[in-house]
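Engineer: fold the following and give me the result.
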Amino acid sequence: MLTRLTQPLSKKTATTVLLALGAILLLLWGGRWTWQKLTGSPPSPAQVRKAIWNFLEEQSDRSDFKTTLPAVPTNGAAKVAEGNSRKMFRRNPDSPRRDLSRNELTRDFRNRLGEAADYKTIYGLIGEQLWIADQFLARKDTREAGVLVAIEANRAALDPAMNGWLAARICEAYLWPSLEWADAKETRLDPEALLNVADDAFRSAGETNNIIRNYELIIRKTPKSARADGARFRLARLYEEQADYESALRSLREMQNTNSPPLQRRITFLQQRLQQRKGSAAN
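Structural biologist: From the prediction side, this is the model:
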């Protein structure tokens, strides 16, 4: 045995050993990110943000996106919201809508986007917008405004940048984490509206797995709402497209209004498909 250990390795054995060492080093270097790639586990918000910054630095040829931080009052979320952002707020007496006027921050960002001559400039502006969002999100009294600023960056990623991947990553890194506190009573943001924004981004990116995760979040946040039933139905269709008939049936059976004739026909159809598959497997 000792003699074997002292003999030189063959070329084939040496190659095998080097490949094995390389794989071990890759796992150690990649750490959690590599493990997630191998297991299918989603990356953390911090990891997604790092990917966003790396991408923006490369596309804009910039290493720093720090810009002038505008002053936002304690209730500044309403001051940042305008246009479609009004839908980001819950409809209750404690959420005044009359102050949802266009503010200087939003106006300046959109004007600069309109004047941008190339994608390099657009990505730089998106980076500045996300830098501002980070500063606002770091403080409890301005985090609502931070979410809305991030939503503006998300919209810019979709148009004019035309980059569904970036829009989807912004949702993963900024909108999904905000759901943890958006349910609080003192918060005026509507969690369902945030999920709608994310749904649009993931569809644009063609990311079926994230669309499924987003539907699951909608259902978990508002399990008895009509929106949740709509999410269950669309979730069932996605599962059906993947030939996962059991999951599709489960989603449909969890809907509140299961007496609907079209729904019953869909359930019957999926049951038949499932039985056909089991029959084929048995043969």
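
Engineer: hang on, isn't residue 151 packed against residue 198?
Structural biologist: No - using C-beta atoms under 8 Å, residue 151 is not in contact with residue 198; the gap is 9.9 Å. (C-beta placed from N, C-alpha, C; glycine too.)

Engineer: what is in contact with these two at once?
Structural biologist: The contact sets of residue 151 and residue 198 overlap at residue 175 (C-beta atoms under 8 Å, 6 or more residues apart in numbering).

Engineer: which ones are touching the residue most central in space within the chain?
Structural biologist: Geometric centre of the chain, nearest residue: residue 172, 3.0 Å, by C-alpha atoms, centre = their mean. Residue 172 makes contact with 42-43, 45, 48, 210 under the criterion C-beta under 8 Å, 6+ apart.

Engineer: and the furthest pair within the residues you listed?
Structural biologist: Greatest spacing in these, by C-beta to C-beta: 45 and 210 (13.4 Å).

Engineer: quick one, which of the two is more surrounded?
Structural biologist: residue 210 (21 against 15; other C-beta atoms under 10 Å).

Engineer: please identify which helix or strand holds the more buried one.
Structural biologist: For residue 210, the enclosing helix or strand under DSSP states H and E is helix 208-221.

Engineer: next SSE after that helix?
Structural biologist: helix 226-241.

Engineer: for that next one, packing partners?
Structural biologist: Secondary-structure packing of helix 226-241 (3 or more C-beta pairs under 8 Å, 6 or more residues apart in numbering; DSSP states H and E): helix 208-221, helix 245-253, helix 261-282.

Engineer: now these in CSV, with distance to residue 146?
Structural biologist: Output for the helices and strands packed on helix 226-241, formatted as CSV (distance: least, C-beta to C-beta, whole Å):
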stretch, distance to residue 146
helix 208-221, 20
helix 245-253, 33
helix 261-282, 40
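
Engineer: nearest to residue 126, of the ones you listed?
Structural biologist: helix 208-221 (19.7 Å).

Engineer: which element is the residue nearest to residue 225 when sequence neighbours are not counted on?
Structural biologist: Closest residue in space to residue 225, ignoring its immediate chain neighbours: residue 192 at 7.6 Å, by C-beta to C-beta, 6 or more residues apart in numbering. In this assignment (DSSP H and E), residue 192 forms part of helix 191-205.

Engineer: burial count for residue 158?
Structural biologist: 19.

Engineer: quick one: it and residue 139, what's the gap?
Structural biologist: To residue 139, residue 158 is 27 Å away according to C-beta to C-beta, to the nearest Å.

Engineer: again with residue 216
Structural biologist: To residue 139, residue 216 is 30 Å away according to C-beta to C-beta.

Engineer: re the thing from before, what mean pLDDT does the helix holding residue 192 have?
Structural biologist: What helix 191-205 shows for mean pLDDT is 90.

Engineer: what inclination does that helix have with respect to helix 208-221?
Structural biologist: Using axes from the mean of the first three to the mean of the last three C-alpha atoms, to 10 degrees, the inter-axis angle of helix 191-205 relative to helix 208-221 is 170 degrees.

Engineer: quick one: list the elements packing against helix 191-205.
Structural biologist: Right, helix 191-205 is packed against helix 143-158, helix 164-170, helix 176-182, helix 208-221 by 3+ C-beta pairs under 8 Å, 6+ apart.

Engineer: how about 6 Å then?
Structural biologist: Judged by 3 or more C-beta pairs under 6 Å, 6 or more residues apart in numbering; DSSP states H and E, helix 191-205 is in contact with helix 164-170, helix 208-221.
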